[in-house]
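Novice: Structure, please.
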Amino acid sequence: MSLRPLFEWVHAFPSSIAMRESLYAFPVLLTLHLISLAMFAGLVVMMDLRLLGVAYRGTPFSEVQRRLFPWQMVGMVVTSIAGLLLFYMQPMRYFGKVLYWIKIALIVLAGVNALLFHFTTYRSIAKWDTAGPPLGAKVAGVLSLAMWAGIVSFGRLTAYDWWTYE
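Specialist: The predicted structure follows:
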């Protein structure tokens, strides 16, 4: 089953058309998406570098997590809403873009990585302040860094008509 009819259906919504025809909707949403993505991804990188022992070694893990996590969630919510609205505004623009689908797949994988981390390895964070993070936490950090680099890269490359099919 093809997703194309669903994308065409959303593309024809009056609100989707109104947003597409608006002079300000796209630049405002794109700016909001990119600023909140930079905030979110930057904070994720900070946490991942701490997991790997590369940065912020003088700050306990629990303290880094306590300070960064609420702001990570703000960035995630804002960038997700803005991204969904950008998609809603122009679904047919993204339908045939291979790089867009790679970005979406990486977002799903990054989400799975984060959930696995938080529901397994993260449960022992109180011990990390003295013993250091377990191997599972370091693996999650490396995977997270790689996936978020890919998400940002493929998201940016989506603007171009490379690897587009119909």
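
Novice: Relative to T158, how far out is F95?
Specialist: 12 Å (CB to CB, to the nearest Å). In short, each C-beta sits where N, CA and C put it, glycine included.

Novice: Could you do M92 as well?
Specialist: In terms of CB to CB, M92 sits 14 Å off from T158.

Novice: Please apply the same query to M89.
Specialist: From M89 across to T158, the span is 14 Å (CB to CB).

Novice: Next: G53.
Specialist: 34 Å.

Novice: More neighbours: which of these two?
Specialist: Regarding G53 and T158, a neighbour count based on other CB atoms under 10 Å identifies T158 as having more, with 21 against 12.

Novice: doesn't G96 make contact with that one?
Specialist: No - using CB atoms under 8 Å, T158 makes no contact with G96, being 11.1 Å away.

Novice: What about the residue located most distally from the centre of the chain? Give its phi and psi, please.
Specialist: Relative to the C-alpha centroid of the chain, counting by CA atoms, centre = their mean, T130 is the outermost residue, at 30.7 Å. Here is the backbone geometry of T130 (degrees, to the nearest 10): phi -110, psi -40.

Novice: T164 now?
Specialist: phi -110, psi 130.

Novice: elements contacting the helix ranked longest in the chain?
Specialist: Counting residues, the longest helix found in the chain (DSSP state H) is helix 61-89. Judged by 3 or more CB pairs under 8 Å, 6 or more residues apart in numbering; DSSP states H and E, helix 61-89 is in contact with helix 14-21, helix 25-51, helix 125-131.
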